[in-house]
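# Task: produce atomic coordinates for the following.
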Amino acid sequence: MNDSPPQDPAVFDAVRARRTLLASLVIVGMGFTVLFPVLAPLGREIGLSEIQITFIIAASGLMVFLSSPVWGRRSDRWGRKRVLLCGLFGFSIGTALFNSVLYLGLSGALTGTLLFAALVIARVAHAAMMSASMPAANAFMADITDAESRTRGMGAAGAANNLGAILGPAVAALAVISLLTPLWIMAALAFLNGLFVWWFLREPPKHFDTPPAQQRMKYSDPRILPFIIVGVAMFTGMGLVQQTMGFRFQDALGLSAADTATSVGFAMMLSGAASLFSQAVIVQRLRVAPFNLLRMALPLLIVAFTIMATLESQLWLTVAMMIQGLGMGLAGPGFMAGASLAVSASEQGAVAGVAGSCGPLGFTLGPLIGGIMYQAAPTLPYAFAAVLFVVLLLSMGWLGRRVRTHEPD
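The predicted structure is shown next:
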């Protein structure tokens, strides 16, 4: 895989690079969300329990958590484009592998423990490669933005990702043809996205101007610790909801597997649209410090989880997901920009990997917690998330006093 040579900063077209990166992130967003409306009903179709289904997501989330910091540091050494390509092509190949195992399960060729083990192995292998995409993309955005425009740049990246999050569930609606149809379509789109990036995206020159930092960044680094704490908690709540909402819709509304995928997909589309509005309109127009964006997001998320725990109609569950999307749309850019601004230019890949792994850690803890709690009581996961976020909101003053911004040398 031959990359373009480093470009002279004078001739590097930052506007074109930004547009190419954002277009690519739309497809990445689609890939991350297309599975959630489909996996819960699909897993039940092949005889898996709720805990087994959520364990598959948790295992892949754990692998992304472990791999993201590694890929982030690799992007400091290898270049952003090369690592991004590893993630895009890895996603395509991994999705095809996972889909093949699911097909064997639907056809009856694999059943029981062997099927479950094969799905876990396929999804973990898939996660190990796809985890390269977001650290490289976020570090790329940090390279082509200055401190003043960093939050808006991260907001634009989040908006592109959330546009994909809207389109992903729309693709999931094709489950009415076959439960595997949406996943095969995403495998093909991810491959085409890799070709698009390979051809059009140039390596940002800033990466080559600053030698990479040699020390591994720790989660306990005091510069980023407040953002790590808030990020892990937020993504745990988000992972809990996204992986149990399929069960909630199917059980509360008495839907079939295909109807569940369609209904949850529509709710996730609206959630993505609300998140897109936050990132494309509110974040871009308001000059708000990153940590203050997190403060604004938490009350919205508490309201969303409270509605999920107390109301069962399709209308209110959908409204709750929209409110959650609005809150996460504010929180995402605040989280990534705050962590990025806290460290030096030579540590952007490392911090993108560490911060980017908070989502996967949340998607490891959230599905496990949600799956166990859902079997005990369908409303328990959302009540737990609401209480967690109330505690987090009460802690924001203490965390905010520890936020620092890196001063350039």
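# Secondary structure element holding residue 298?
Per DSSP states H and E: residue 298 is located in helix 290-310.
# Give me the phi and psi for residue 401.
phi -70, psi -10 (degrees, to the nearest 10).
# Can you list the low-confidence ranges for the stretch 1-150 of the chain?
Applying pLDDT under 70 to the stretch 1-150 of the chain flags residues 1-12.
# can you rerun that using 80?
1-14, 32-33, 35-37, 40, 50, 54, 57-58, 61, 146-150 (pLDDT under 80).
# The stretch 301-409 of the chain: helices as residue ranges?
Here the stretch 301-409 of the chain has its helices, by DSSP state H, counting those that start in this stretch, at 314-341, 348-356, 358-376, 380-400.
# SS state for residue 145?
Secondary structure assignment for residue 145 (DSSP: H, G, I helix; E, B strand; the rest coil): coil.
# Distance of it relative to residue 245?
34 Å (CB to CB, to the nearest Å). Placement of C-beta: from N, CA and C, glycine included.
# circling back to that earlier point, among the helices of the stretch 301-409 of the chain, which is nearest residue 111?
Counting by CB to CB, residue 111 lies closest to helix 358-376 out of those; the figure is 20.9 Å.
# Give me the buried stretch members for the closest one, please.
358-371, 373-374 (16 or more other CB atoms under 10 Å).
# then that helix to PDB, C-alphas only?
What follows is helix 358-376, C-alpha atoms only, in PDB (Å, rounded to 0.1, in the frame of the first residue of the first chain):
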ATOM      1  CA  CYS A 358     -13.100   5.600  26.000                       C
ATOM      2  CA  GLY A 359     -16.100   4.900  23.700                       C
ATOM      3  CA  PRO A 360     -15.100   1.200  23.200                       C
ATOM      4  CA  LEU A 361     -14.600   0.800  27.000                       C
ATOM      5  CA  GLY A 362     -18.100   2.200  27.500                       C
ATOM      6  CA  PHE A 363     -19.400  -0.200  24.800                       C
ATOM      7  CA  THR A 364     -17.700  -3.000  26.700                       C
ATOM      8  CA  LEU A 365     -19.200  -2.100  30.100                       C
ATOM      9  CA  GLY A 366     -22.500  -0.900  28.900                       C
ATOM     10  CA  PRO A 367     -23.700  -4.000  27.000                       C
ATOM     11  CA  LEU A 368     -22.600  -6.300  29.900                       C
ATOM     12  CA  ILE A 369     -24.300  -4.200  32.500                       C
ATOM     13  CA  GLY A 370     -27.400  -3.700  30.300                       C
ATOM     14  CA  GLY A 371     -27.700  -7.300  29.400                       C
ATOM     15  CA  ILE A 372     -27.500  -8.600  33.000                       C
ATOM     16  CA  MET A 373     -29.900  -5.800  34.300                       C
ATOM     17  CA  TYR A 374     -32.300  -6.200  31.400                       C
ATOM     18  CA  GLN A 375     -32.900  -9.900  32.300                       C
ATOM     19  CA  ALA A 376     -33.600  -8.900  35.900                       C
END
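# Give me the helices and strands touching it, please.
helix 50-78, helix 225-253, helix 380-400 (3 or more CB pairs under 8 Å, 6 or more residues apart in numbering; DSSP states H and E).
# and it, average pLDDT?
Mean pLDDT, taken over the full extent of helix 358-376, equals 82.
# Any chance of JSON lines for the helices and strands packed on helix 358-376, columns mean neighbour count?
Compiled in JSON lines, those are given as follows (neighbours: other CB atoms under 10 Å):
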{"stretch": "helix 50-78", "mean neighbour count": "23"}
{"stretch": "helix 225-253", "mean neighbour count": "23"}
{"stretch": "helix 380-400", "mean neighbour count": "17"}
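# Could you point out which of the ones you listed sits nearest residue 196?
helix 50-78 (18.7 Å).
# Hey, what's the angle from that closest one to helix 358-376? Just curious.
180 degrees (axes from the mean of the first three to the mean of the last three CA atoms, to 10 degrees).
# just checking, what packs against the next helix or strand after helix 50-78?
With elements assigned by DSSP H and E, the helix or strand that comes after helix 50-78 is helix 80-107. Applying 3+ CB pairs under 8 Å, 6+ apart, we find helix 80-107 packed against helix 14-33, helix 50-78, helix 112-130, helix 133-143, helix 181-200.
# closest to residue 380 out of these?
Of the helices and strands packed on helix 80-107, the one closest to residue 380 (CB to CB) turns out to be helix 50-78, at 12.8 Å.
# Show me what that closest one is packed against.
Using 3+ CB pairs under 8 Å, 6+ apart: helix 50-78 touches helix 36-45, helix 80-107, helix 112-130, helix 133-143, helix 225-253, helix 348-356, helix 358-376.
# For residue 52, find the nearest of those helices.
Closest among those, using CB to CB: helix 112-130, at 5.6 Å.
# Please work out which residues outside the closest one touch it.
31, 46-48, 52, 55-57, 59-61, 63-64, 67, 86-87, 89-91, 93-95, 97-98, 100-102, 104-105, 110, 360 (CB atoms under 8 Å, 6 or more residues apart in numbering).
# re earlier: with distance to residue 291 added, can I get the helices and strands packed on helix 50-78 in a markdown table?
Listed next are these as a markdown table, based on distance: least, CB to CB, whole Å:
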| stretch | distance to residue 291 |
| --- | --- |
| helix 36-45 | 29 |
| helix 80-107 | 26 |
| helix 112-130 | 29 |
| helix 133-143 | 17 |
| helix 225-253 | 7 |
| helix 348-356 | 14 |
| helix 358-376 | 15 |
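# Would you tell me which of the ones you listed gets closest to residue 189?
helix 80-107 (8.3 Å).
# got the contact list for residue 257?
Residue 257 touches 41-42, 44-45, 179, 250, counting by CB under 8 Å, 6+ apart.
# Please apply the same query to residue 45.
106, 179, 257.
# possible to save those as JSON lines with distance to residue 161?
As requested, these are arranged in JSON lines below (distance: CB to CB, whole Å):
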{"residue": "106", "distance to residue 161": "30"}
{"residue": "179", "distance to residue 161": "25"}
{"residue": "257", "distance to residue 161": "28"}
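# Tell me the one among those nearest to residue 136.
Using CB to CB, these come closest to residue 136 at residue 179, 31.3 Å.
# How much space separates the closest one from residue 341?
The value you get for residue 179 to residue 341, if CB to CB is used, is 43 Å.
# quick one: residue 217 from residue 311, how far?
Residue 217 is 42 Å from residue 311, by CB to CB.
# try residue 398
33 Å.
# Now the weakest link among the helices of the stretch 301-409 of the chain, please, by mean pLDDT.
When I compare the helices of the stretch 301-409 of the chain, helix 348-356 is least confident, with a mean of 78.
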